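> starting from these lines, generate the structure:
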Amino acid sequence: MKIPFLDLKVQYESIKNEIGVAIQKVLDNTAFALGQSVSDFEANFGKAHDVKNCSGVSSGTDGNHMVLWALGIGPEDEVIIPVNTFIATAWGATLCGAKPVFVDIDSRSYNIDAKSLLKSITTKTKAIVAVHLYGQPADMDAINEELISNDFELTGTGKYRKQKTGQEIYLVEDCAQSHIAEYKGRKVGGLGLASSFSFYPGKNLGAYGEGGAVCTNNDELGVKFKMLRDHGCRQKYVHEIYGHNYRMEGIQGAVLGVKLNYLNSWTEGRRKVAARYYDLLKNCDSIILPEEMYYSKHVYHLFVIQVKNGRRDELGKFLNDNGIATGLHYPIPLHLQPCFNHLGYKRGDFPITENLANRGLSLPMYAELTDEHILYIAEKVIEFFKSN
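Sure thing, here's the model as predicted:
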């Protein structure tokens, strides 16, 4: 049996006709940059996440940059991010000229450890990026409580001011892997001051190319986002502020508009796959299954197990030899990436993340996995440990 890590072809076949009609409409109207298909998608995607303002952009990475750029983050500022994330999260800070400051993760949720924030906040801290990794929301209330206990007061959603000094810190979300995930019954995307999403093809809601979005319930920021993505304009050729070309393409808006109609059912499909993995692998003592936290509705962009006793790579090879593709998310933590050598971090600084980097193995995860597929994967995982 051959089981890919992700099968976009089977998903495409299920919506092929609708996709064709949507793309043809863009071609007929020659609305290739922004346009009605993007506007319609923005309205529906924002509604799906209970946010007032949504702007389609050219990628999730660009969205990370735009969120911090719009907030005035710049040189001399520091941005706190979890060290266990894709590097695009850090680019949001570096593209603004700011310094990324890494913190470790919680061993159960794999998301930012709120208690680590207090040790990392300095007078230069300007933003905290809560990454909802693998499809599970970060514990936003825990972050809020830690900030308040450190003499910060909440002045608005995602906005904090230190009472003695007036220092302001913004709490924003990186939702690249967590479309329609829920934190205590609320959708991600509006839990902080602003948020970014990725529609890279492999995401739960993926474009047929690059794409992203930025969202906020702050109307002033919502206007600024639309200006920043379009050369600083509200009116053509009138450039009120610095900007860039971060516009979403019309064809991507059309594709995402079709796929958004299926996101709820695809998400429930992923959750059923995860439930089946939990049931079949719960007694395998040689691995640690991911944990769905009590406060979250996990959307399982990834299903990351931990393999004990240094056997992760062996298991990965065994599964691959048996036709099962796997992934590594992420084998080199950000603080050990060569591009960040100048920050002065060293091996051992973030032990929980480093442990996950050495033991984490991502199993196939997509809504179209059949029970036969899942059973085969689980059987091969168990077989490996029984025979080795």
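
> at the geometric centre of the protein, which residue sits there?
residue 176 (2.5 Å; C-alpha atoms, centre = their mean).

> and that residue, what does it touch?
Taking C-beta atoms under 8 Å, 6 or more residues apart in numbering, we find residue 176 in contact with 60, 86, 88, 89, 131, 196, 197, 198, 200, 203, 212. For glycine as for every other residue, the C-beta is placed from the backbone atoms N, C-alpha and C.

> weed out the non-buried ones from these.
Burial by neighbour count, 16 or more other C-beta atoms under 10 Å: within the contacts of residue 176 this picks out 60, 86, 88, 89, 131, 196, 197, 198, 200, 203, 212.

> mind listing what the fifth one touches?
The one in question is residue 131. Going by C-beta under 8 Å, 6+ apart, residue 131 touches 81, 82, 85, 89, 111, 112, 138, 173, 174, 176.

> helices of the stretch 201-350 of the chain, residue ranges please.
219-228, 250-260, 263-281, 312-321 (DSSP state H, counting those that start in this stretch).

> the longest helix in the chain is where?
helix 8-29 (DSSP state H).

> pretty sure residue 174 contacts residue 89?
Yes - at 5.2 Å, residue 174 and residue 89 qualify as touching, with contact defined as C-beta atoms under 8 Å.

> what do those two both touch?
Counting by C-beta under 8 Å, 6+ apart, the shared contacts of residue 174 and residue 89 are 64, 81, 129, 131.

> neighbours of the nearest residue to residue 35 once chain neighbours are set aside, how many?
Distances taken as C-beta to C-beta, 6 or more residues apart in numbering place residue 250 nearest to residue 35, at 4.2 Å, with adjacent residues excluded. Residue 250: 25 surrounding residues under other C-beta atoms under 10 Å.

> distance of residue 250 relative to residue 28?
Applying C-beta to C-beta, to the nearest Å, the value for residue 250 to residue 28 is 11 Å.

> please apply the same query to residue 377.
44 Å.

> before we move on, the earlier item: tell me the pLDDT at the residue nearest to residue 35?
Residue 250 carries a pLDDT value of 98.

> on that earlier part again, could you pick out which of the contacts of residue 176 are located in strands?
If you go by DSSP state E, the contacts of residue 176 have 131, 196, 197, 198, 212 in strands.

> need the nearest residue in space to the fourth one, chain neighbours excluded.
What it means is residue 198. Closest to residue 198 by C-beta to C-beta, 6+ apart is residue 60, at 2.5 Å.

> now do the second one
On the basis of C-beta to C-beta, 6+ apart, the spatially nearest residue to residue 196 that is not a chain neighbour turns out to be residue 63, at 3.4 Å.

> I'd say residue 155 and residue 163 touch.
No - in terms of C-beta under 8 Å, residue 155 does not count as a neighbour of residue 163; the distance is 10.4 Å.

> pretty sure residue 286 is in contact with residue 386, am I right?
No - with contact defined as C-beta under 8 Å, residue 286 does not reach residue 386; the gap is 9.6 Å.

> more neighbours: the two, which one.
Taking other C-beta under 10 Å, residue 286 and residue 386 do not tie; residue 286 has more neighbours (18 against 9).

> what is the neighbour count of the nearest residue to the more buried one once chain neighbours are set aside?
Nearest residue to residue 286 in three dimensions, chain neighbours excluded: residue 385, at 4.5 Å (C-beta to C-beta, 6+ apart). Each residue near residue 385 was counted by other C-beta under 10 Å, and the total is 17.

> okay, residue 385: pLDDT?
pLDDT, read off for residue 385, is 96.

> quickly list the domain ranges of the protein.
8-260, 263-387 (automatic domain parsing).

> in a markdown table: those domains, plus distance to residue 1.
Converted to a markdown table, these look like this (distance: least, C-beta to C-beta, whole Å):
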| stretch | distance to residue 1 |
| --- | --- |
| domain 8-260 | 15 |
| domain 263-387 | 5 |
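
> any idea which of the ones you listed is most buried?
Most buried of the domains of the chain by mean neighbour count (mean count of other C-beta atoms under 10 Å) is domain 8-260; its value is a mean of 20.

> just how off-centre is it within its chain?
From the chain centre to the centre of domain 8-260 is a distance of 9 Å (C-alpha atoms, centre = their mean, to the nearest Å).

> of all the helices of the stretch 201-350 of the chain, which lies closest to residue 99?
helix 219-228 (21.6 Å; C-beta to C-beta).

> please name every helix or strand in contact with the closest one.
Counting contacts by 3 or more C-beta pairs under 8 Å, 6 or more residues apart in numbering; DSSP states H and E, helix 219-228 packs against strand 53-57, helix 60-70, strand 212-216, strand 233-235.

> any chance of JSON lines for these, columns distance to residue 246?
Below are those laid out as JSON lines (distance: least, C-beta to C-beta, whole Å):
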{"stretch": "strand 53-57", "distance to residue 246": "5"}
{"stretch": "helix 60-70", "distance to residue 246": "5"}
{"stretch": "strand 212-216", "distance to residue 246": "8"}
{"stretch": "strand 233-235", "distance to residue 246": "12"}
